[in-house]
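Undergrad: the following block contains a protein sequence and its predicted model.
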Amino acid sequence: MSFKGKTVLVTGGTSGIGRAAAEKFAAAGADVVISGRDEAKGRETASQIESGGGSVRFVAADLADPEATLRLAQAAGDVDVLVNNAGIFPFGATHEVAIELVRTVLEVNVTAPFALTAALVPGMLTRGHGSIVNVSTMVASFGNPGMSAYGASKAALELLTKAWAAEYGPRGIRVNAVAPGPTITPATAQMGEGLDQIVATVPLGRAASADEIASAIVFLASDDASYINGAILAADGGRTAV
């Protein structure tokens, strides 16, 4: 599949699933914009991906800051594909999670994708085409101890996926989501045995690689998925099927 001549914005594109997706889009010919909070890491990541082929630039943005989110949209320019990948996932029993942290989770996982979509969709509508891929999680579909704030935020994102698919599909904009299961990334590596416990519930018996989830993202964004709109693609090794 080719993304030549298209601009793709991947939030949270400096590591994990976001970086893997950025690499695949760049390899397919896209002009890729990645965002993250760490400017030094972001510029280094963009340079490393470019060395493998493709055009990549980094825009620093803390998506917990609404103004920074809007500046990101402006800096990205005319975007053909938006990947709302950035997210935070604190763990802990509901009564142990600070309300300020819950607000931050909702800001990054829900409000930022909403704001970016609202800012970038008008350009897509003018051009008559576009694709948005939201990155959710399997725990948006079932209750999981210690993940109430994270799961709720991603459940909201899945509803937004369906609402946007209904709103913009008639005008040529497809909106879908990927809902990963346990995935090996620098962030999940910090979970230690907690990740192993989640993996034990997956029928395939293993965690996904970031590259595997990225492949699902790129597919949904591509013309190969031209009749897929409003879908939540479970990439969870079968966990939500049991």
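TA: Noted; the coordinates are in hand. Residues are numbered from 1 along each chain as shown.
Undergrad: make it CA atoms for all contacts and neighbour counts henceforth
TA: Fine.
Undergrad: packing partners of the host helix or strand of Ala20?
TA: Assigned by DSSP states H and E, Ala20 belongs to helix 16-27. Contact analysis of helix 16-27 by 3 or more C-alpha pairs under 8 Å, 6 or more residues apart in numbering; DSSP states H and E lists strand 7-10, strand 31-36, helix 39-51, helix 210-221 as its packing neighbours.
Undergrad: pull the residues that contact it.
TA: 3, 8, 10-13, 31-32, 34, 49-50, 52-56, 85-86, 184-187, 210-211, 213-215, 217-218 (C-alpha atoms under 8 Å, 6 or more residues apart in numbering).
Undergrad: mind checking pLDDT for Lys162?
TA: Per-residue pLDDT puts Lys162 at 98.
Undergrad: what sits against it?
TA: Counting by C-alpha under 8 Å, 6+ apart, Lys162 has contacts 175-176, 230-231.
Undergrad: relative to its centroid, which residue of the chain is most remote?
TA: Largest separation from the mean C-alpha position in the chain: His95, at 27.8 Å (C-alpha atoms, centre = their mean).
Undergrad: which parts of the helix or strand bottoming out on mean pLDDT in the chain are buried?
TA: Of the helices and strands making up the chain, the lowest-confidence element is helix 193-199, at a mean of 87, by mean pLDDT, DSSP states H and E. Residues of helix 193-199 classed as buried: 195, 198-199 (neighbour count, 16 or more other C-alpha atoms under 10 Å).
Undergrad: let me have those in TSV, extended by distance to Lys154.
TA: Putting the buried residues of helix 193-199 into TSV (distance: C-alpha to C-alpha, whole Å) gives the following:
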residue	distance to Lys154
Leu195	19
Ile198	18
Val199	20
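Undergrad: for the protein, just list every one of the helices.
TA: Using DSSP state H, the helices of the chain run over 16-27, 39-51, 66-76, 99-106, 112-127, 148-168, 193-199, 210-221.
Undergrad: residue contacts, the most centrally placed residue in the chain?
TA: Centroid check for the chain by C-alpha atoms, centre = their mean gives Asn85 as the closest residue, at 1.7 Å. By C-alpha under 8 Å, 6+ apart, Asn85 lies in contact with 10-13, 17-18, 134-135.
Undergrad: over to Val135?
TA: 83-86, 177-180 are the contacts of Val135 under C-alpha under 8 Å, 6+ apart.
Undergrad: how about Leu220?
TA: Per C-alpha under 8 Å, 6+ apart, neighbours of Leu220: 133, 176, 228.
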